[in-house]
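*Asks:* the following comprises the amino acid sequence and a computationally predicted model.
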Amino acid sequence: MIVVHTTELEYPWGTLRSTNASKVKVVLEEKGLSYRVERMRPGDLWKKPAEFLAKHPLGKVPYIEDGDRLIYDSTVINEYLEEQYAVPGLMPSAPIDRAAARMFENYCDEAILVGDLPGLWMPYWSPPEKRDLERMEKSRAGLRNRALPFIERSLGKKDYLCGEFTLADVGYMCLAMVLEVDAFDLGEFPGAAAYLERLRGRPSYLAISPATSLAESSGRP
Ligand SMILES: N[C@@H](CCC(=O)N[C@@H](CS)C(=O)NCC(=O)O)C(=O)O
């Protein structure tokens, strides 16, 4: 059984999860693999005790253990899962289409998960009175100026970024998760709104949905 190491906590405003680790949970669910979630205390994520650094040299989540194999970095893990557990396949077959899927994933990692999303997401790990509202508003503006027009443009009339659901869409499911907690107004972006709702409708989203408790999202047998 695969073990996913991550950080997840329940709050009155929903269950919050590491965005990068959520990418991995979605792929494990999409592939129907058996896995178990091991949750690290957020304090350890920042203090980086030696036993944690021994597993992930950067002291980040996610990392997975698949038997005696240890793999870190959500993109690397998902590529590993795709190659090791090939059915159902989550990548297009032609090299140029595979490159397109990787570019969409790279955009999500850099412009969203590292770029504009943390400023909106991190404050939710604190009570409302301790949140930096200015930082949150700046992040929302960043998403409106960059990622959301990109999604709108890239989708065109397609249901998913590469036509069918692929690894390209997985990171955007984490955007869907954060914007659900934030009740973000997507009125200006009807294509992106429909896309994010489509992603929320996939059964794999239940493993990362803010409405799913920790007890209900600890893995699959
Ligand atoms: N590129 C890495 C990024 C991992 C990452 O930044 N994870 C966050 C949680 S979502 C983390 O562990 N942050 C703690 C830190 O940066 O020290 C991946 O995709 O796995």
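*Replies:* Cool, got the structure. Residues are numbered from 1 along each chain as shown.
*Asks:* interface residues of the protein facing the ligand?
*Replies:* S18, T19, N20, L45, G59, K60, V61, P62, D73, S74, T75 (C-beta under 6 Å from any ligand atom). Heads up, the C-betas are built off the backbone N, CA and C, glycines and all.
*Asks:* pull the contacting residues for E188.
*Replies:* Contact analysis of E188 by C-beta atoms under 8 Å, 6 or more residues apart in numbering lists R144, L148.
*Asks:* keeping just the C-alphas, turn stretch 106-126 into CSV.
*Replies:* What follows is stretch 106-126, C-alpha atoms only, in CSV (Å, rounded to 0.1, in the frame of the first residue of the first chain):
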residue,chain,number,x,y,z
ASN,A,106,4.2,23.5,-15.1
TYR,A,107,2.0,26.6,-15.5
CYS,A,108,-0.2,25.6,-12.6
ASP,A,109,2.8,24.8,-10.4
GLU,A,110,4.6,28.0,-11.1
ALA,A,111,1.9,30.6,-11.6
ILE,A,112,-0.7,29.2,-9.2
LEU,A,113,0.6,26.8,-6.6
VAL,A,114,3.8,28.7,-6.0
GLY,A,115,2.6,32.0,-7.5
ASP,A,116,-0.7,33.6,-6.6
LEU,A,117,-2.4,30.9,-4.6
PRO,A,118,-0.4,30.7,-1.3
GLY,A,119,-1.3,34.4,-0.4
LEU,A,120,-4.9,33.4,-0.5
TRP,A,121,-4.6,29.9,1.0
MET,A,122,-2.1,30.3,3.8
PRO,A,123,-4.3,32.8,5.7
TYR,A,124,-7.1,30.2,5.9
TRP,A,125,-4.8,28.2,8.2
SER,A,126,-5.4,31.0,10.8
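*Asks:* who's in contact with it?
*Replies:* The contact list for stretch 106-126, computed with C-beta under 8 Å, 6+ apart, reads 9, 11, 13, 16, 19-20, 42, 74-75, 130-133, 135-136, 138-140, 142-143, 146-147, 150, 171-172, 174-175, 178, 181-182.
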